[in-house]
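Peer 1: okay, structure incoming, though there's no sequence with it:
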């Protein structure tokens, strides 16, 4: 059995602005760095033994994985298959700019969000093929996987065998935890951000984890 703790990376400046990121290798914002240390402490405090730590090789994920690796005493394994969807010509654009410049894509993604391919980039179906390959090769055990919102939504669709557009209805915030059992096809939690809520303000920050 594979128990995946899927963690979305911390906030970036483009997240805050609402820009498409795709494979653009943007850094974390100060808020994102803070979130990375919050999630690290949350995982360490869970008292669950983890067998592995995997991360997308984009720096917004690797920088989120760094304090997690320190807190869990694990060496990250970086895998490009769990990068975000490649957004092609949309990278760097606001949604409003995308709608104006690429009206045909905007219409296509409304009609078929799974198969509509970003101009010069990937579709969710393309992304899911990468994610499926990663899931197939992942060894049994409990693993933290630091990745991206699109990857987590595609994993939800694959593992839970979701139909139609159900995979789009989950809110996957920065550093949220989504726990899935594969191949059992079960969700233990989706989009958990308890470590970022008011009760968690007393948790340790970067200084106490160094």
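Peer 2: Yes, it's here. Values in this document were obtained by computation on a predicted structure and should not be read as measured data.
Peer 1: going forward, measure contacts and count neighbours with C-alpha atoms only.
Peer 2: Will do.
Peer 1: contacting residues for the residue nearest the centre of the chain?
Peer 2: Nearest residue to the geometric centre of the chain (C-alpha atoms, centre = their mean): residue 148, 2.4 Å. Counting by C-alpha atoms under 8 Å, 6 or more residues apart in numbering, residue 148 touches 7-9, 56, 61, 82-84.
Peer 1: for residue 182, same thing?
Peer 2: Residue 182 makes contact with 1-4, 159 under the criterion C-alpha under 8 Å, 6+ apart.
Peer 1: repeat for residue 4
Peer 2: Counting by C-alpha under 8 Å, 6+ apart, residue 4 has contacts 142-145, 178-182.
Peer 1: burial of residue 186, as a residue count?
Peer 2: Residues near residue 186, counting by other C-alpha atoms under 10 Å, number 15.
Peer 1: shouldn't it be in contact with residue 161?
Peer 2: No. At 9.8 Å, residue 186 does not count as touching residue 161 under the criterion of C-alpha atoms under 8 Å.
Peer 1: mind listing the helices for this protein?
Peer 2: Using DSSP state H, the helices of the chain run over 13-17, 30-45, 59-72, 95-101, 103-111, 124-137, 149-160, 206-209.
Peer 1: now the angle from the second one to helix 59-72?
Peer 2: It stands for helix 30-45. Here the directions of helix 30-45 and helix 59-72 differ by 30 degrees (axes from the mean of the first three to the mean of the last three C-alpha atoms, to 10 degrees).
Peer 1: packing partners of helix 30-45?
Peer 2: Under the contact criterion of 3 or more C-alpha pairs under 8 Å, 6 or more residues apart in numbering; DSSP states H and E, helix 30-45 touches helix 59-72, helix 206-209.
Peer 1: again, only using 6 Å
Peer 2: The helices and strands touching helix 30-45, judged by 3 or more C-alpha pairs under 6 Å, 6 or more residues apart in numbering; DSSP states H and E, are helix 59-72.
Peer 1: contacts for the helix it packs on?
Peer 2: Here helix 59-72 makes contact (C-alpha atoms under 6 Å, 6 or more residues apart in numbering) with 9, 27-28, 36-37, 40, 44, 75, 146-147.
Peer 1: would you mind measuring from residue 19 to residue 95?
Peer 2: 7 Å (C-alpha to C-alpha, to the nearest Å).
Peer 1: tell me which of those two has more neighbours.
Peer 2: Remark: of residue 19 and residue 95, residue 19 carries more neighbours, 19 against 14, as counted by other C-alpha under 10 Å.
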